[in-house]
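> Mind folding the following:
(chains A and B)
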Amino acid sequence: MSIRVSNIEKRFGDFVALDKVTLDFPTGELVALLGPSGCGKTTLLRIIAGLEAADSGRVLLDGEDASGTHVRERQVGFVFQHYALFRHMTVFDNVAFGMRMKPRAQRPSEKQIRAKVHELLDLVQLDWLADRFPAQLSGGQRQRIALARALAVEPRVLLLDEPFGALDAKVRKELRRWLRKLHDELHITSIFVTHDQEEALEVADRVVLMNRGRVEQVGTPEEVYRRPATPFVYGFLGSVNLFHGRVDGEAVRVGEDVLPPDALTHESGTFDHGAEVVAFARPHELDIVVDVASTAGVAARVSRILAFGVTARVELDGINGTTGQHFEVELTREQVAALGLAEGQAVRLVPSRLKVFERETTGAGAGAAA
Amino acid sequence: MSGAVAMQWSGAGDGAARFESKAATRETPLVKWIIIGLSLSFFAVFLLMPLVAVLVEALRKGWETYLTALLDPDALSAVRLTLLAALIAVPLNLVFGVAAAWAIAKFEFRGKHFLITLIDLPFSVSPVIAGLIYVLVFGAQGWLGPWLSEHDVKIIFAVPGIVLATVFVTFPFVARELIPLMEAQGKEEEEAAVVLGANGWQTFWHVTLPNIKWGLMYGVILTNARAMGEFGAVSVVSGHIRGETNTLPLHVEILYNEYQFAAAFAVASLLAMLALVTLGLKTWVEHRAAAAHNEKQDDAS
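Numbering: from 1, shown residues only, chains lettered A, B, ... in the order given. Coordinates of the predicted model:
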């Protein structure tokens, strides 16, 4: 089933949780709503489910306006962040709940219910836990039971609110892969909310980036990572180095220093001479030049070299025009050795690729090397 | 007993062991035994001794006097009235208490704090005042008195007045017990039930009620104990008509004032036994509730 939300607005007092959000969720896709806490992603999910009412705007389920439909009749499956399993019921009764609550005329027989529950427990690979109580399960098991319970009423869409938020890193990764697999089997239109960019990029078909109640960008994981549309998206997805500067002809001037014009990507667009801009570069898009006589790039001082992984990370502090800023450069260990870097050494940073945005008055949000 | 309705969730043992095993929080044996000695002797003198005294005095003139006092028609009528008052007050407060707790824990509305204060009113006001309020409203010289006597309805110095006064003084127990419990549990499970297609009644019956049942039980036990033991408010509205408007506590007072000590203590021993049964039930419910709570704690971790 396709979902469409149009012009959704929601306020809590003076706080604008959602500011005229319009989005399309095509049938059968797994979409991630990604953003920092307080960006409105959970509110949007709850509005789609019907647990919350929008101040204005419409929710269309399969092209039909669902704004007047009660949660009960929307046929959505909702998985809560803290599972919300019924603690006084066994796993079996939890999963059977939705079927048992149906009006008598539509209620399946107890035998059919039993068959369906076991089928679902098989699907989440936890049939052996049917007689346990939620308190006796691990976090990952509870989350899978919550999913089985949501699927029991044969929902037309599946909505998951931070489904892995309360789990530890290892279980999270496992469940992530498992959810993707499950979705490939069931092909049910699904939306999940997360603040973890890695999770969103890894699991979803499409990612919706949200900030301060607005949609910043919608696209496949690759699109949003490779071609961030806004400074916020650039800063939110992965580590980033940030330069505040001013357009000077073809180049960008940062304090006394000049960023090389050939690094500017063409999708940056054109800027007026003297425009205030912010330029972004990923840690692997910065080169370190140890030659003190060089005037290319930006001056910085090495503060720490972290060389324990496959790649080495060099942390630097800005000097001259960029004092107080921090930079992060990713190199191979061989490169670090070849450069002969030492902590405290003055070097120059030369970006090989830069993405430039006009400076927003509200600030770009992310700091350098976020 | 009015203030002490907070439920003891965790057994005292494990908490104490944590203090004693740490050098930083351990006290010298002298301090330890002085504190234990003080609290135990206070307990013995003020709580245990009266209980023993009641039983000793009741049986001083032998079993025969004891049984005669209990089987006296006036005593039996007092037992009946006490049971009747409790039988009406407890279910009423069960319904009102759940409704009030539900309203406070699950809804936002104007005047919520006022409602919380109102629920506590019977605790903060003297029971005698509570009784007087009913006399002022329903009594012969009260606001509604003339209208009531015109229609031949008797409330004050009759059973309805006693029931009203009992309902009033026992009102906070169930609500006070449930409000923190329901607030702590939040509304996620109810939301889950609604998303799964349950209607309001199904959600209450299958999800909310099972989650609050031990707290509810505890509130009911306390309500019942207070309903049967209430003296002040009931004394004001009862009129002390023997065999008609005397409850057990009032009957004890009358017997005592007539110097029938053995009989007074015999009837009092009934109330003492009620207290013991209540205590036993309360401990059992606390135990079950603590077990349920521990499960919940695991659930949250």
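> Secondary structure of residue A:77: a strand, I assume?
Yes. Secondary structure of residue A:77 (DSSP: H, G, I helix; E, B strand; the rest coil): part of a strand.
> Contacts only, for it.
A:150-151, A:153, A:155, A:157-159, A:188, B:195 (CB atoms under 8 Å, 6 or more residues apart in numbering or on different chains). Just so you know, the C-beta spots here come from the backbone N, C-alpha and C atoms, and that holds for glycine as well.
> One more pass at 10 Å, please.
Counting by CB atoms under 10 Å, 6 or more residues apart in numbering or on different chains, residue A:77 touches A:49, A:98, A:146-160, A:188, A:190, B:195-196.
> List buried residues within those residues.
The neighbour count (16 or more other CB atoms under 10 Å in any protein chain shown) marks A:49, A:98, A:146-153, A:155-160, A:188, A:190, B:195-196 as buried among the contacts of residue A:77.
> Mind checking which of those are in helices?
Secondary structure defined by DSSP state H assigns A:49, A:98, A:146-151, B:195 of the buried ones among the contacts of residue A:77 to helices.
> and these, which two are the farthest apart?
A:49 and A:148 (18.0 Å; CB to CB).
> Quick one: residues contacting residue 142.
You didn't say which chain, so I picked chain A. Listed by CB under 10 Å, 6+ apart, the contact partners of residue A:142 are A:82-85, A:91, A:94, A:126, A:129, A:134-136, A:166-167, B:299.
> Chain B is the one I meant
B:133-136, B:148, B:155-156.
> remind me which residues of the chain are low pLDDT?
By default, I'm working from chain A. A:262-270, A:321, A:360-370 (pLDDT under 70).
> I was thinking of chain B, sorry if that wasn't clear
B:1-15, B:293-301.
> which one's the longest helix in it?
helix B:261-300.
> what's that one packed up against?
Applying 3 or more CB pairs under 10 Å, 6 or more residues apart in numbering or on different chains; DSSP states H and E, one finds that helix B:261-300 contacts helix B:49-58, helix B:62-71, helix B:73-106, helix B:172-185, helix B:209-229, helix B:248-257.
> Try it again at 8 Å.
helix B:49-58, helix B:62-71, helix B:73-106, helix B:209-229, helix B:248-257 (3 or more CB pairs under 8 Å, 6 or more residues apart in numbering or on different chains; DSSP states H and E).
> Out of those helices, which is closest to residue B:191?
helix B:73-106 (11.0 Å).
> Run the chain-centre distance for the closest one.
Using CA atoms, centre = their mean, to the nearest Å, the distance from the centre of helix B:73-106 to the centre of the chain it belongs to is 10 Å.
> Run the angle between that helix and helix B:261-300 for me.
20 degrees (axes from the mean of the first three to the mean of the last three CA atoms, to 10 degrees).
> Tell me the buried residues in helix B:73-106?
Per 16+ other CB under 10 Å, helix B:73-106 contains these buried residues: B:74-75, B:77-79, B:81-82, B:85-86, B:88-90, B:92-94, B:97-98, B:100-102, B:104-105.
> Following the chain past it, name the next helix or strand.
Next in sequence after helix B:73-106, counting helices and strands by DSSP states H and E, comes helix B:112-124.
> Summarise which helices and strands that following helix is packed against.
helix B:73-106, helix B:159-170, helix B:172-185.
> do that again at 6 Å, thanks
helix B:172-185 (3 or more CB pairs under 6 Å, 6 or more residues apart in numbering or on different chains; DSSP states H and E).
> what helices or strands is the helix it packs on leaning on?
Using 3+ CB pairs under 6 Å, 6+ apart: helix B:172-185 touches helix B:73-106, helix B:112-124, helix B:209-229.
> Tabulate the ones you listed (JSON lines), appending distance to residue A:296.
Listed next are the helices and strands packed on helix B:172-185 as JSON lines, based on distance: least, CB to CB, whole Å:
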{"stretch": "helix B:73-106", "distance to residue A:296": "65"}
{"stretch": "helix B:112-124", "distance to residue A:296": "66"}
{"stretch": "helix B:209-229", "distance to residue A:296": "67"}
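> burial measure for residue B:113, as a count.
9 (other CB atoms under 10 Å in any protein chain shown).
> One more: residue B:117?
11.
> gap between it and residue B:125?
Remark: distance between residue B:117 and residue B:125 (CB to CB, to the nearest Å) = 12 Å.
> swap in residue A:105?
53 Å.
> For the stretch 101-250 of chain B, which residues are neighbours of chain A?
B:188-189, B:191-192, B:194-198, B:202, B:207, B:210 (CB under 6 Å from any CB of the partner chain).
> What's the PyMOL line that selects buried ones from those?
The PyMOL selection below is limited to those of those classed as buried (16+ other CB under 10 Å):
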select buried, chain B and resi 189+191+192+194+195+196+197+198+202+207
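> quick one: which of the residues of the stretch 101-250 of chain B next to chain A is nearest residue A:316?
residue B:188 (46.1 Å).
> The closest one and residue A:84 touch, don't they?
Yes. Using CB atoms under 6 Å, residue B:188 is in contact with residue A:84, at 4.0 Å.
> tell me the contacts of the nearest residue to residue B:57 once chain neighbours are set aside?
If the residues on either side of it in the chain are set aside, residue B:57 comes closest to residue B:265, at 3.9 Å by CB to CB, 6 or more residues apart in numbering or on different chains. Contact analysis of residue B:265 by CB atoms under 6 Å, 6 or more residues apart in numbering or on different chains lists B:54, B:57-58.
> and residue B:265, how far is that from residue B:76?
From residue B:265 to residue B:76 the distance is 17 Å (CB to CB).
> now residue 261, nearest residue through space, not along the chain?
You didn't pick a chain, so chain A it is. residue A:250 (4.0 Å).
> try again with chain B
Residue B:261's closest residue in space is residue B:57 (CB to CB, 6+ apart), at 6.3 Å.
> Next, count neighbours for the one you found.
The burial count for residue B:57: 16, using other CB under 10 Å.
> This completes my enquiry, with thanks.
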